[in-house]
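**Student:** Make a model of this:
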Amino acid sequence: MTQSTPVTTQALNVAIVPDSFKGSAQASEVAAAIADGVNAAATSLARTVSITAVPFADGGEGTLDALIDAWGTEAKIVETTDALGRAVSSRFGLSADGRTAVIEAAEAAGLPQVSDVPRQPLQATTFGLGSLVSQALELGVQRIILCLGGSATTDGGAGLLAALGAKFLDAQGQELTAGGGALNDLSCIDISGLDSRATRVNWQIACDVTNPLLGDNGAAAVFGPQKGASPQEVEVLNAGLARLADTLEAGTGRKLREQSGMGAAGGLALCLGSYCEVELVPGWELVAQALNAHEVLADAQLVITGEGRLDSQSLQGKVVSGVLQAARKDADIIVIAGSVELDEEMLVESGILAAYSIAQGPADLSELSARALELIRRAAYNVARTYLC
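**Tutor:** Model prediction:
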């Protein structure tokens, strides 16, 4: 009888790089659930896997949590105001070395904070973000990562700059009221009281859209209706942003209105970019750099990513699109999502091997949300069992 030579099976390198399932689970929870499911499947098949989990974000909501998880730090709490000027407790993050702060626009100018009252798109302001920025500057940070997703505002960042000491004045020299609607009365901007520390810090703006400031594809037209703006209010907001851009260009010589991404979060980066040195970075790329995700993806043979809804927007600056760009060319990429709205042709064209919904049958959003982590783990188990066979 011929004795066979034992076959050594090398461990499969698996990278788990999910976004949060917004409203249901944080990215760190999703990553842990997927890892648990994959490990259970590998054990059941007596397969060896090497798993690296990197909770991810696209530069919008969830980026703060993803970065402080990676840094091993705790969020700082600041008393400030929401988009309608009401008192609110908000958070920002600080890196372990104290040099970098991460601030989410949604923490002090976000839609969820004002969801208890009718939306007021003309009055919504970014002023509350100023307290977060000021506290970060007090701690001596050298870099601020500002994440633009989820805002309720369309004020071009005028509120934020006002909170840092600038004055936005009408033709009579009176300060404007808060919000993008008032920008139509803007005559000049007085920056004599602007906090000089804000102009010296390194600003990185995490942005997951490419919209310019103005026009049919701009901040007011595309995102204004999501913030409650009627067609007439969209016109008012667009005109106000144009007035703001004109005034800033006359004062600084910087022409930013056509820059890709300047329409994000109601033009939030416009005022900062006019007076400070800012770098607009695709959100997923900025997070990837901070978390060393490129190194993780370079070694992975199987990459499992995920988000609440996989649709065409997922392929345009979101976490899934970033994973597709950063993963090695021969990696298999699988998506686990709350819902999958890409057809087979789009999956193939994008480079996604397969996509799976966590829904096991007819279910409403509240049911899926309540059981999200259990369903994510189960989906990961089934995915891994199929893949590893």
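**Student:** quick one: contacts for residue 234?
**Tutor:** 220, 221, 224, 225 (CB atoms under 8 Å, 6 or more residues apart in numbering). Bear in mind the C-beta positions are built from the backbone N, C-alpha and C, glycine included.
**Student:** Neighbour-wise, give me the winner out of these.
**Tutor:** Ranked by neighbour count (other CB atoms under 10 Å), these have residue 220 at the top, with 29 neighbours.
**Student:** need the contact list for that residue.
**Tutor:** Contacts of residue 220 by CB under 8 Å, 6+ apart are 154, 180, 214, 229, 234, 235, 237, 238, 241, 266.
**Student:** which among these end up buried?
**Tutor:** The neighbour-count test (16 or more other CB atoms under 10 Å) marks 154, 180, 214, 229, 234, 237, 238, 241, 266 as buried among those.
**Student:** I'd like the contacts of residue 234 as CSV, with distance to residue 97, secondary structure and pLDDT appended.
**Tutor:** What follows is those, written out as CSV (distance: CB to CB, whole Å; DSSP: H, G, I helix; E, B strand; the rest coil; pLDDT from 0 to 100):
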residue, distance to residue 97, secondary structure, pLDDT
220, 39, helix, 97
221, 41, helix, 97
224, 39, coil, 96
225, 42, helix, 96
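**Student:** can you put the residues you listed in a markdown table and add distance to residue 125?
**Tutor:** Listed next are the contacts of residue 234 as a markdown table, based on distance: CB to CB, whole Å:
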| residue | distance to residue 125 |
| --- | --- |
| 220 | 15 |
| 221 | 20 |
| 224 | 15 |
| 225 | 19 |
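**Student:** Against residue 301, how distant is residue 241?
**Tutor:** As for residue 241, its distance to residue 301 is 47 Å (criterion: CB to CB, to the nearest Å).
**Student:** That should have said residue 359, apologies.
**Tutor:** Residue 359 is 28 Å from residue 301, by CB to CB.
**Student:** Was I right to think residue 263 contacts residue 209?
**Tutor:** Yes - contact status for residue 263 versus residue 209: in contact at 6.9 Å, counting by CB atoms under 8 Å.
**Student:** and the two? which has more neighbours close in?
**Tutor:** residue 263 (31 against 24).
**Student:** ok, now which ones touch that one?
**Tutor:** For residue 263, the contact set (CB under 8 Å, 6+ apart) comprises 209, 211, 212, 213, 214, 217, 218, 219, 222, 223.
**Student:** make it 6 Å
**Tutor:** Counting by CB atoms under 6 Å, 6 or more residues apart in numbering, residue 263 touches 211, 212, 213, 218, 219.
**Student:** cool, and residue 176?
**Tutor:** 168, 182.
**Student:** immediately after the worst-scoring helix or strand of the chain on mean pLDDT, which helix or strand?
**Tutor:** Lowest mean confidence among the helices and strands of the chain (mean pLDDT, DSSP states H and E): helix 365-370, at a mean of 78. Per DSSP states H and E, the first helix or strand lying C-terminal to helix 365-370 is helix 372-388.
**Student:** Does that next one pack against any helices or strands, and if so which?
**Tutor:** helix 27-44 (3 or more CB pairs under 6 Å, 6 or more residues apart in numbering; DSSP states H and E).
**Student:** Now do the buried residues in the helix it packs on.
**Tutor:** 27-42.
**Student:** just stretch 380-389 next, same as before
**Tutor:** For stretch 380-389, using 16+ other CB under 10 Å, the buried residues are 380, 381, 383, 384, 385, 387, 388.
**Student:** do stretch 176-191 as well
**Tutor:** 176, 178, 179, 180, 181, 182, 183, 184, 185, 186, 189, 191.
**Student:** Give me the pLDDT for the fifth one.
**Tutor:** As predicted, residue 181 sits at a pLDDT of 97.
**Student:** Quick check: it touching residue 236?
**Tutor:** Yes - using CB atoms under 6 Å, residue 181 makes contact with residue 236 at a distance of 5.5 Å.
**Student:** sorry, back to before: inside strands: which ones of the buried residues of stretch 176-191?
**Tutor:** residue 189 (DSSP state E).
**Student:** Off-centre distance for the least confident helix or strand of the chain?
**Tutor:** 22 Å (CA atoms, centre = their mean, to the nearest Å).
**Student:** would you put the C-alpha positions of that helix in CSV?
**Tutor:** The C-alpha coordinates for helix 365-370 follow below in CSV (Å, rounded to 0.1, in the frame of the first residue of the first chain):
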residue,chain,number,x,y,z
LEU,A,365,-36.9,47.7,8.8
SER,A,366,-37.6,47.8,12.5
GLU,A,367,-37.5,44.0,12.8
LEU,A,368,-34.2,43.8,10.8
SER,A,369,-32.7,46.7,12.9
ALA,A,370,-33.7,45.0,16.2
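**Student:** mean confidence score for stretch 146-156?
**Tutor:** Average pLDDT, stretch 146-156: 93.
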